[in-house]
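Trainee: Attaching a predicted model along with its sequence, questions to come.
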Amino acid sequence: MHTETSIEPETGTNAKLRLFSLYVDFAASMRAKWAGSTITRLAGPRRKTYCEMWNLDSAKASQPIRRIMLQEAAGADVLVIALSSLDQREPKLIEWLDALANEKTEHPVSGLFIGLLGDENHEAGELGWTVEQFIRCAQRMGRDFIWQWMGQEALNDPTWLTDNVQKVLSGKQFQSDIASLQEAVWLAAEP
């Protein structure tokens, strides 16, 4: 877990991108790490990227841990949820996402919710149900939603991720530019 507080406005050189990943199983954790690394590369060296990664079982540890996870996820620009097996429903995951949707956020830009689902070793019996639940939660959170079946081709060609991450980055840059302009106007107005 990594937390940093800054009082200076985000600009192109100190802008932050916060990622929060939640995984259900070990194979999914590898895909969540891959997504975090890919997003960090897309963000580039001028943007500080903060990545947090949690196992869903951590939410069961204690109420304070669950609370921290929800707060950190609500404040993230990009939320990544990864699970390999879709042969049965994951009600604990959906329960956690519903709790997250109830969290208040101060995002001036729509965040992104990425579902990394399945792999070539698992059946997709509950894929439709899972995607439907993710869409519902994303709408409640005011986040854009994308999902990808995580076969080997998705890992080899991340272009499916690029456009959506660039949209979040562009929105954050626009907000940074507005904050910089507001600060410049405020400074110019001082006697």
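Mentor: That came through fine.
Trainee: Find the residue closest to the residue nearest the centre of the chain in space, skipping its chain neighbours.
Mentor: Centroid-nearest residue in the chain, with CA atoms, centre = their mean: L79, separated by 1.6 Å. Nearest non-adjacent residue to L79, counting by CB to CB, 6 or more residues apart in numbering: F113, 4.8 Å away. C-beta here means a position set from N, CA and C on the backbone, and glycine is covered the same way.
Trainee: My guess is E120 contacts Q152. True?
Mentor: Yes - contact criterion CB atoms under 8 Å: E120 and Q152 qualify, at 6.6 Å.
Trainee: Mind pulling up the pLDDT for H107?
Mentor: The confidence metric pLDDT takes the value 61 at H107.
Trainee: Would you mind confirming that A99 is in contact with M69?
Mentor: No - contact criterion CB under 8 Å: A99 and M69 do not qualify, at 9.4 Å.
Trainee: where along this protein do the helices fall?
Mentor: 26-43, 63-75, 91-101, 127-141, 152-156, 159-189 (DSSP state H).
Trainee: Okay, buried residues for stretch 70-88 please.
Mentor: 70, 72-86 (16 or more other CB atoms under 10 Å).
Trainee: swap that for stretch 127-139, please
Mentor: Result for stretch 127-139 [16+ other CB under 10 Å]: buried residues L127, T130, Q133, F134, C137, A138.
Trainee: contacting residues for the fifth one?
Mentor: Read it as C137. Shown in contact with C137 (CB atoms under 8 Å, 6 or more residues apart in numbering): I94, L97, D98, L100, A101, F113.
Trainee: Mind picking the one among these that's closest to P64?
Mentor: Each of the contacts of C137 was checked against P64 using CB to CB; the closest is L100, at 16.2 Å.
Trainee: Burial check on the closest one, number of neighbours?
Mentor: A count of nearby residues for L100, using other CB atoms under 10 Å, gives 24.
Trainee: I'd say it and E72 touch.
Mentor: No - taking contacts as CB under 8 Å, L100 lies outside contact range of E72: 10.1 Å.
Trainee: show me what contacts the nearest residue to R89 once chain neighbours are set aside?
Mentor: Spatial nearest neighbour of R89, excluding adjacent residues (CB to CB, 6+ apart): E126 at 5.1 Å. Residues near E126 by CB under 8 Å, 6+ apart: L86, D87, Q88, R89, E90.
Trainee: how about a cut-off of 7 Å?
Mentor: L86, D87, Q88, R89 (CB atoms under 7 Å, 6 or more residues apart in numbering).
Trainee: Quick check, pLDDT for the third one.
Mentor: Q88 is assigned a predicted lDDT (pLDDT) of 87.
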